[in-house]
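Q: Here is a sequence with its predicted model. Questions after.
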Amino acid sequence: MGKALDGVRILDFTHVQSGPTCTQLLAWFGADVIKVERAGAGDITREQLRDIPDVDSLYFTMLNHNKRSVTIDTKNPEGKLVLEALIQKCDVLVENFAPGALDRMGFTWERIQELNPKMIVASVKGFGPGPYEDCKVYENVAQCVGGSASTTGFDDGPPVVTGAQIGDSGTGLHLALGIVTALYQRTMTGRGQKVLAAMQDGVLNLCRVKLRDQQRLERTGVMKEYPQYPNGTFGEAVPRAGNASGGGQPGWILKCKGWEADPNAYIYFITQAPVWAKICNVIGKEEWATDPDYATPAARLPRLKEIFAEIERWTMSKTKFEAMEILNGHDIPCGPILSMKEIAEEPSLRKTGTIVEVDHPTRGKYLTVGNPIKLSDSPTEVTRSPLLGEHTDEVMAELGYSLEQISALRVAGAI
Ligand code: COA
């Protein structure tokens, strides 16, 4: 069966996490992704957070599946010529170097356009144009400048970053959408274009609801679904909302049986208005279904703390999975707090290919997250990440270099 992006060639100049997330997705959709790495060293993550000596780290392998690796010294004049040949052969160049690095290498937008006017040049940067455009940025910096950290955590504690890599992987996803959109436009115009996904913008896009709340706060001075209401105070900016749902249906994380010993024996419980009577029945507070102090969403808002305390008395008598089963039986939205161990062992995720076991020549078997986006006509087969420079000769031959030329370039240190 064919793949959605069959025939699309990507010059993958990415490293660390944000860019590789993007190109891995494109590879899963069928693009030929040629990862260009620094000769001798490669993507720095190959050796970061290693769990086995001298073996590519899980950090690297889990972000670089289905790609080919070539090593080119792009600061070597002959290496530059190889890169030029690649630019002429590829449809998209993806990079997430520090600002200006590509220009310093001699590959400005204008030069790339000269070499290949159809080329799409896609970049992740920390910030868009403005006072911070020259700054280097990592995941947690993006979470802080994109509005996530100031709105995450509890009101009486410091800002908190989330474990979800919304700055890196989140921006990689945004970039991938920009690339396929530019490819689509190119089918009409025949022209390439620049695609930019700034990490600050990507995080802010995911924090859209908090900018909504900022404006609600400015208008009304209070947000009744936030835990600060009715007893706490609101300042000028959107406060941290703890585990409040952030939407129109109040929710909170509640203890379940075993919480004293198991840090993940909790469940997220949503008091969705249409099932309020069922919630009252399940927790044994039938009278709340008709009591005017509890019967309507507006009446419940100032009493959420007390209501969740009562629901928690019930959830603490059940394991999170028992609670999940009972509540789902009544259509009450909830979610057990799953540990990474539980997720790794979950059979249904293995079945859908969301968790995949991959074999690697030097590492052996390991688990990875497969393609979270499923296309019915373009199935994903996850294959291992390449060893450093594994495909240099193969790609050089495809570019038309003879064996002698390849040897000479190797001797010159260009590849
Ligand atoms: N051959 C020769 N040189 C190469 C090369 C190759 N194949 N590939 C890269 N380089 C050089 C570049 O030319 C550049 O050199 P220069 O600084 O002299 O211009 C350098 O390597 C690129 O390094 P840089 O991107 O500055 O890496 P860094 O380790 O100092 O910074 C980041 C890492 C992630 C902070 C930075 O790349 C960045 O801010 N990227 C954009 C935002 C981003 O994606 N952040 C999230 C990462 S998960």
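A: Ah, there it is. Residues are numbered from 1 along each chain as shown.
Q: Next one: the residue nearest the centre of the chain, what pLDDT does it get?
A: Most central in the chain under Cα atoms, centre = their mean is Ser169, positioned 2.9 Å from the mean C-alpha point. On the pLDDT scale, Ser169 is placed at 98.
Q: likewise Thr315?
A: On pLDDT, Thr315 comes in at 98.
Q: for it, what are its contacts?
A: By Cβ atoms under 8 Å, 6 or more residues apart in numbering, Thr315 lies in contact with 254-256, 267, 269, 323. For the C-beta atoms, the positions are set from N, CA and C on the backbone; glycine is no exception.
Q: Can you name every helix or strand that the longest helix seen in the chain contacts?
A: Counting by DSSP state H, the longest helix found in the chain is helix 169-189. Contact partners of helix 169-189 among helices and strands, from 3 or more Cβ pairs under 8 Å, 6 or more residues apart in numbering; DSSP states H and E: helix 18-28, strand 92-95, strand 120-125, strand 194-198, helix 199-206.
Q: Dump those to TSV, plus distance to the ligand.
A: Output for the helices and strands packed on helix 169-189, formatted as TSV (distance: least, Cβ to the nearest ligand atom, whole Å):
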stretch	distance to the ligand
helix 18-28	4
strand 92-95	9
strand 120-125	4
strand 194-198	9
helix 199-206	6
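Q: if you compare these, which one is most tucked away?
A: Most buried of the helices and strands packed on helix 169-189, by mean neighbour count (mean count of other Cβ atoms under 10 Å): helix 18-28, with a mean of 28.
Q: Now do that one: which elements does it pack against?
A: Contacts defined by 3+ Cβ pairs under 8 Å, 6+ apart place helix 18-28 against strand 9-13, strand 32-37, strand 67-71, strand 92-95, strand 120-125, helix 169-189.
Q: if you set the cut-off to 10 Å instead, what comes out?
A: In this structure, helix 18-28 packs against strand 9-13, strand 32-37, strand 67-71, strand 92-95, strand 120-125, helix 169-189, strand 194-198, with contacts taken as 3 or more Cβ pairs under 10 Å, 6 or more residues apart in numbering; DSSP states H and E.
Q: one step back: just the buried residues of the contacts of Thr315.
A: Neighbour counting by 16 or more other Cβ atoms under 10 Å classes 254, 256, 267, 269, 323 among the contacts of Thr315 as buried.
Q: Trp259 is in contact with the last one, correct?
A: To tie it back to what came earlier, the one meant is Ala323. No. Contact criterion Cβ atoms under 10 Å: Ala323 and Trp259 do not qualify, at 11.7 Å.
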